[in-house]
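Student: I would like the atomic coordinates for the input below:
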Amino acid sequence: MNQTEFAIIKMALPPSPQQQSAAVAGYFDFTTFFLALICFLATYRWIKRPKNFPPGPRGVPILGVIPFIGSHIERTFRDWGKQYGPVMSVRLGRKDFVILNDLDVIKQALVKDGAKFSGRPRFPMMTELTKGHGLAFVDYGELWKAQSKFGHSTLRSLGMGRPAMERMIVEEMSYMQTAIQNRNEAPFDLLDTMRLAVSNNTCNLTFGKRFDYSHVEFTEAITSITEFFTNPGDSVMLRVVMFAPFLRKIPPFDRARKNTNEVNKKILKLAAASVHEHEKVFDPDHPRDFIDAFLCEMNKNTPTFTRMQLIHYVRILFFAGTETTTAVLMWALLVFLHHPKIQKKVYEEVKSVVGDGQVSLSDQEKMPYTCAFLQETHRYRTTAPNAIPHKTTEDAYLNGYSIPAGTTVLPNIWAVHNNPDVWPEPEKFKPERHLSPSGDFVPSKNVIPFSVGLRRCIGELLARNELFLFLVGLVQKFEFLPDPTSSTLPDIDQGVLGIVYVPHRYKLVARER
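Tutor: Predicted coordinates:
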């Protein structure tokens, strides 16, 4: 047998036990090495930051800091900011977010470098709702610029800040007062009625009409909004899904997603029906409201002006124009229940200036305490603690740090409103903070409930006018008292934090004056 034949026979024989052991050991050595390499690369990718990126906690793989942020993320961010500075970063889910915890850096980013910080990050859940239309969640670009310019100019032309809008709000206030009187001083939850009244002002501007409080589709839409924003479970789930979108179709997180979709469908249905009604009687020579003005642009074939864009635009005006203003008013009435002396002081000023007559926006100059009360309400219970997330549209430089294009940025409005260096004892409600030694109202640049910069709230002026006229109209006619059937006052220290921070639902008594 030659050497070649011997080698062939040897290869055909089964391996010896020693050879088998060596092969298994080699296999496990390779597997261990491969797994170790994967772990190393995954860990490296997890801890890796862009060069000169703001410091901050990373949390745990996949979830980041989500398990550690608690029920009030704005407060946690502020506390972490004491360690990491006013510009810091956190890993939320699998993305890095930059948090702005100080007014100076917020204004530097959103005002001075506004174009660089005015993008909108892509949240899959919001994309599912908006389909890339509307305004609030549209990224910074030609679509947003055209729609924002149109929105501001159209709302001004429709009476934003003019006597016509004031008359509209005062008229709606009378309907709300009647609805409250019909309760006959029995304990009741004012929230739904308040939302109906506030949303009707938006409806007047957008649809050209108000809805009766018994209108089925209108009241169903408002009720669904109420249930959505006051459901603590859904709010928590929604917040987690926003930061960890891969969870949105997994129980129990999919519940918040489904409920959000249902509310969105009802608002879109209401908007689409109104658009259809306008189309049937549309006269381009005589536009009556926001929808007609938009249809005029569609007739000109103006780019980005489409029927779907109109429906979603109306939806966001309806949503945004209802929720934040309602929340502020409900917080204000809750303050009255906890601080009856403050309510009495507001009423005395209203009585001395307005008496039994009709309130006017011009009365603000003569009502410093009422204006101070409203500003303190904005500060004390910030309805949009982190505003709507921003995104850098290009590489930016802020407070000594480099922030790459496409980074999500959260301005911590709550931290600004609770900065103890500006507001001593920020946890206490003190309208007097906003008065000069001579008793004049002092508007504060450190109270920014509508945010600042290019993406500040488009309906800010409407909201401010509603808040003053509604509050004065309510205090003028009613004294608000706690529910006598309850042994405790409604909770003022905790609310429901979702997209908007709202108080838990509560009952009160409205006693006619």
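Student: going along the chain, name the strands of the stretch 1-150 of the chain.
Tutor: 87-92, 95-100 (DSSP state E, counting those that start in this stretch).
Student: and the strands in the stretch 301-450 of the chain?
Tutor: Using DSSP E, counting those that start in this stretch, strands in the stretch 301-450 of the chain cover 390-391, 396-398, 401-403, 408-411.
Student: elements contacting the longest one?
Tutor: For strand 408-411, the helices and strands in contact under the criterion 3 or more C-beta pairs under 8 Å, 6 or more residues apart in numbering; DSSP states H and E are strand 95-100, strand 390-391. C-betas here are computed from N, CA, C, even on glycine.
Student: in TSV, list the strands of the stretch 1-150 of the chain along with distance to A146 and mean neighbour count.
Tutor: Output for these, formatted as TSV (distance: least, C-beta to C-beta, whole Å; neighbours: other C-beta atoms under 10 Å):
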stretch	distance to A146	mean neighbour count
strand 87-92	31	24
strand 95-100	28	24
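Student: between these, which one is closest to E74.
Tutor: strand 95-100 (9.3 Å; C-beta to C-beta).
Student: and that closest one, average pLDDT?
Tutor: Average pLDDT, strand 95-100: 96.
Student: which strands and helices sit next to it?
Tutor: In terms of contacts (3+ C-beta pairs under 8 Å, 6+ apart), strand 95-100 is packed against helix 73-84, strand 87-92, strand 408-411.
Student: okay, that strand in PDB with CA atoms only?
Tutor: Extracted C-alpha coordinates of strand 95-100, given in PDB (Å, rounded to 0.1, in the frame of the first residue of the first chain):
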ATOM      1  CA  LYS A  95     -32.200  57.200  20.300                       C
ATOM      2  CA  ASP A  96     -30.100  60.000  21.800                       C
ATOM      3  CA  PHE A  97     -32.200  63.000  22.900                       C
ATOM      4  CA  VAL A  98     -30.700  66.400  23.800                       C
ATOM      5  CA  ILE A  99     -32.500  68.100  26.800                       C
ATOM      6  CA  LEU A 100     -32.500  71.900  27.300                       C
END
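Student: relative to helix 73-84, how tilted is that strand?
Tutor: 80 degrees (axes from the mean of the first three to the mean of the last three C-alpha atoms, to 10 degrees).
Student: how far off centre is strand 95-100?
Tutor: 17 Å (C-alpha atoms, centre = their mean, to the nearest Å).
Student: cool, stretch 122-140 as well?
Tutor: Using C-alpha atoms, centre = their mean, the offset of stretch 122-140 from its chain centre is 14 Å.
Student: got the buried residues for it?
Tutor: The neighbour-count check on stretch 122-140 (16 or more other C-beta atoms under 10 Å) flags F123, M125, M126, L129, T130, H133, G134, L135, A136, F137, V138, Y140 as buried.
Student: report the rounded mean pLDDT for that stretch.
Tutor: 91.
Student: how long is stretch 81-100 end to end?
Tutor: Its start and end residues considered, stretch 81-100 measures 9 Å (C-alpha to C-alpha, to the nearest Å).
Student: need the helices and strands packed on strand 95-100 in TSV with mean pLDDT and distance to M176, can you?
Tutor: Shown next, in TSV, are the helices and strands packed on strand 95-100 (pLDDT from 0 to 100; distance: least, C-beta to C-beta, whole Å):
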stretch	mean pLDDT	distance to M176
helix 73-84	96	31
strand 87-92	96	40
strand 408-411	97	33
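Student: next, format those as JSON lines and append distance to G400.
Tutor: Listed next are those as JSON lines, based on distance: least, C-beta to C-beta, whole Å:
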{"stretch": "helix 73-84", "distance to G400": "13"}
{"stretch": "strand 87-92", "distance to G400": "8"}
{"stretch": "strand 408-411", "distance to G400": "16"}
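Student: of those, which is nearest R379?
Tutor: Among those, helix 73-84 sits nearest to R379 (C-beta to C-beta), with 13.4 Å.
Student: relative to strand 87-92, how tilted is the closest one?
Tutor: 130 degrees.
Student: can you give me the neighbour number for Q364?
Tutor: 19 (other C-beta atoms under 10 Å).
Student: my guess is it meets F468, correct?
Tutor: Yes. The pair Q364 / F468 is scored as a contact, 6.0 Å apart, by C-beta atoms under 8 Å.
Student: any low-confidence regions in the stretch 101-250 of the chain?
Tutor: 160-161 (pLDDT under 70).
Student: for E277, which of the helices and strands packed on strand 95-100 is the nearest?
Tutor: With respect to E277, and counting by C-beta to C-beta, the nearest of the helices and strands packed on strand 95-100 is strand 408-411 at 38.8 Å.
Student: just name the most buried of the strands of the stretch 301-450 of the chain.
Tutor: For the strands of the stretch 301-450 of the chain, average neighbour numbers computed from mean count of other C-beta atoms under 10 Å are highest in strand 408-411, which has a mean of 25.
Student: for that strand, output the C-alpha coordinates as PDB.
Tutor: Output of strand 408-411 as PDB, limited to C-alpha atoms (Å, rounded to 0.1, in the frame of the first residue of the first chain):
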ATOM      1  CA  THR A 408     -34.100  65.100  18.700                       C
ATOM      2  CA  VAL A 409     -34.100  68.100  21.100                       C
ATOM      3  CA  LEU A 410     -36.500  68.500  24.000                       C
ATOM      4  CA  PRO A 411     -36.900  72.000  25.600                       C
END
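Student: please enumerate residues in contact with it?
Tutor: Strand 408-411 is contacted from outside by 77, 95-100, 106, 109-110, 117, 121, 386-387, 389-392, 403, 451, using C-beta atoms under 8 Å, 6 or more residues apart in numbering.
Student: re earlier: identify the contacts common to Q364 and F468.
Tutor: In contact with both Q364 and F468: T370, C371, using C-beta under 8 Å, 6+ apart.
Student: and the buried residues of stretch 122-140, which two are furthest apart?
Tutor: Using C-beta to C-beta, these span at most 19.9 Å, a distance reached by M125 and Y140.
Student: partner residues bridging the residue nearest to G64 when sequence neighbours are not counted?
Tutor: Distance criterion C-beta to C-beta, 6 or more residues apart in numbering; nearest residue to G64, sequence neighbours excluded, is R91 at 3.5 Å. Beta-bridge partners for R91, by DSSP bridges, are D96.
Student: what sits against R91?
Tutor: G56, P57, R58, G59, G64, V65, F97.
Student: residues in contact with the fourth one?
Tutor: Yep, that's G59 we're talking about. Applying C-beta under 8 Å, 6+ apart, the residues near G59 are V65, I66, P67, F68, V90, R91.
Student: show me which of the buried residues of stretch 122-140 is closest to S224.
Tutor: Distances from S224 to the buried residues of stretch 122-140, taken by C-beta to C-beta, are shortest for L129, at 13.9 Å.
Student: returning to that earlier point: of the buried residues of stretch 122-140, closest to T223?
Tutor: Of the buried residues of stretch 122-140, the one sitting nearest to T223 (C-beta to C-beta) turns out to be L129, at 19.0 Å.
Student: give me the phi and psi for the closest residue to that closest one other than its chain neighbours.
Tutor: In space, and not counting its chain neighbours, L129 is closest to N264: 5.0 Å by C-beta to C-beta, 6+ apart. Main-chain torsions, N264, degrees, to the nearest 10: phi -60, psi -40.
Student: next one: the one 3 residues further on
Tutor: Per-residue torsions, I267: phi -70, psi -40 (degrees, to the nearest 10).
Student: what sits closest to it if chain neighbours are left out?
Tutor: R315 (4.9 Å).
Student: V422 too?
Tutor: In this structure, V422 finds its nearest non-sequential neighbour in N446, 5.1 Å apart by C-beta to C-beta, 6+ apart.
Student: tell me, how many residues neighbour that neighbour?
Tutor: Residues near N446, counting by other C-beta under 10 Å: 12.
Student: tell me the contacts of it?
Tutor: Contacts of N446 by C-beta under 8 Å, 6+ apart are L103, V416, H417, N419, V422, W423.
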